[in-house]
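J.: Need a 3D model of the following:
(one chain, ligands or ions: 1)
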Amino acid sequence: MEIISDPQEMQSLARQWRGQELKVVLVPTMGFFHPGHLSLMEYGRTIGDRLVVSLFVNPAQFGPQEDLGRYPRDLDRDVRLAREVGVDCLYTPEAEAMYPPGYQTFVEVESLSGGLCGASRPGHFRGVATVVLKLLHQVSPGVAVFGEKDYQQLMVVKQMVADMDLPIKIAGRPINREPDGLAMSSRNTYLNPEGRAAALCLYRALLAARDLVAAGVKSREPILAAVRQIIDATPGARIDYVALVDPATLKEVGAIRGEARLLLAVWVNKTRLIDNTLLSETRLCCVQ
Ligand code: AMP
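T.: The predicted structure follows:
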């Protein structure tokens, strides 16, 4: 496995691979790998000839009061795990190389970035769209793989790629969960044992919503009320937002017609967790 940190070196390797007509797949990450990340890599390996995983804790997507400084990192472990999965290139650019002095270009995906996490974290998706566009340009993959765990991010990236006419497919992959249902996240390491127990309320709320839909409930209010009630009853948990939205536009819906996406952001003590699920009127869906 190659480990590259210089963007120009990454670009020239990608150019060489393109010249050999190899299909390159990119999995962008912020590192501290867990099985959710590894599932994206394993998928990526099956759909292309060369797999690049980027590892970059992107300062541009963190607000001034957020956890950039204490975001978990373990490069040695990440290198080992990436090797085990069969990654061809681990791309680890430095912040100074991505945003050198004088840097001033940012990408804004307007409507999709506005609500939900975009409302709670102003500037977050501007940072995400900017870094993803740079990574896509540096690696020029045929496919880039993202997790549905960050559902709004996935939709923002898809929109940007369409709007910028990039010849790149964006593949969304299902959420990996712990055996008890908690969505895997690098930020789960912030949770103490009580917080870890409280964090299960997100999954329980998604399951309750799924059960209501399976029982024929379609309108928004009873679904959101059940979700809120479960989270509000959990000591240490505080709702940031609960939203039932159209899966494509992320606009709030009054009832489930066809499919909707239920999205949650919940503070568990000082840790902000997100989770989501598809709710389908017709399809018997399980909470992934
Ligand atoms: P991150 O390192 O948290 O920025 O995540 C990198 C990629 O992994 C993003 O596309 C995430 O959506 C995806 N991801 C994070 N957690 C999970 C999970 N539990 N299951 C599947 N994909 C995930």
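J.: For the residue nearest to residue 61 when sequence neighbours are not counted, give me its contacts.
T.: In this structure, residue 61 finds its nearest non-sequential neighbour in residue 127, 3.2 Å apart by C-beta to C-beta, 6 or more residues apart in numbering. The C-beta positions use only the backbone N, C-alpha and C, and glycine is treated the same way. The contact partners of residue 127, taken as C-beta atoms under 8 Å, 6 or more residues apart in numbering, are 58-62, 106.
J.: Recalculate using a threshold of 6 Å.
T.: 58, 60-61 (C-beta atoms under 6 Å, 6 or more residues apart in numbering).
J.: For my notes, please list these in a markdown table and give neighbour count for each entry.
T.: Formatted as a markdown table, those follow (neighbours: other C-beta atoms under 10 Å):
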| residue | neighbour count |
| --- | --- |
| 58 | 22 |
| 60 | 19 |
| 61 | 21 |
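J.: Quick check: residues of the protein near the ligand?
T.: Residues of the chain lying close to the ligand (C-beta under 6 Å from any ligand atom) are 29-30, 36-37, 39-40, 146-147, 149-150, 173, 175-176, 183-186.
J.: thinking again about what came up before, and the strand or helix carrying the residue nearest to residue 61, how far out from the chain middle?
T.: In this structure, residue 127 sits in helix 124-139 according to DSSP states H and E. Centroid separation between helix 124-139 and its chain, computed with C-alpha atoms, centre = their mean, to the nearest Å, is 13 Å.
J.: Give me the buried positions along it.
T.: By 16 or more other C-beta atoms under 10 Å, the buried positions in helix 124-139 come out as 124-136, 138-139.
J.: isn't residue 129 right up against residue 160?
T.: Yes: Residue 129 is within contact range of residue 160, at 5.1 Å (criterion: C-beta atoms under 6 Å).
J.: which residues do those two both contact?
T.: Contacts common to residue 129 and residue 160, judged by C-beta under 6 Å, 6+ apart, are residue 109.
J.: quick one, helices of the stretch 101-250 of the chain?
T.: Assigned helices in the stretch 101-250 of the chain, in chain order: 110-114, 117-120, 124-139, 151-163, 193-198, 200-214, 220-232 (criterion: DSSP state H, counting those that start in this stretch).
J.: how about these in TSV, adding mean pLDDT?
T.: Converted to TSV, the helices of the stretch 101-250 of the chain look like this (pLDDT from 0 to 100):
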stretch	mean pLDDT
helix 110-114	96
helix 117-120	95
helix 124-139	98
helix 151-163	98
helix 193-198	98
helix 200-214	98
helix 220-232	98
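J.: Contact partners for the residue in the stretch 51-200 of the chain positioned nearest to the ligand?
T.: Using C-beta to the nearest ligand atom, residue 147 is the residue of the stretch 51-200 of the chain that sits closest to the ligand, at 2.4 Å. Each residue near residue 147 by C-beta under 6 Å, 6+ apart is listed here: 36, 173.
J.: Pull up the gap between it and residue 262, please.
T.: 17 Å (C-beta to C-beta, to the nearest Å).
J.: for residue 99, same thing?
T.: Residue 99 is 35 Å from residue 262, by C-beta to C-beta.
J.: same thing with residue 176?
T.: From residue 176 to residue 262 the distance is 18 Å (C-beta to C-beta).
J.: The most centrally placed residue in the chain - nearest residue in space that isn't next to it in sequence?
T.: In the chain, the residue lying closest to the centroid (C-alpha atoms, centre = their mean) is residue 150, at 3.0 Å. Excluding its sequence neighbours, the residue lying closest to residue 150 (C-beta to C-beta, 6+ apart) is residue 274, at 7.1 Å.
J.: Kindly report the same for residue 131.
T.: Closest to residue 131 by C-beta to C-beta, 6+ apart is residue 58, at 4.4 Å.
J.: want to try CSV for the contacts of residue 127, with pLDDT, secondary structure and distance to residue 167 as columns?
T.: Below are the contacts of residue 127 laid out as CSV (pLDDT from 0 to 100; DSSP: H, G, I helix; E, B strand; the rest coil; distance: C-beta to C-beta, whole Å):
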residue, pLDDT, secondary structure, distance to residue 167
58, 97, coil, 24
60, 95, helix, 25
61, 96, helix, 25
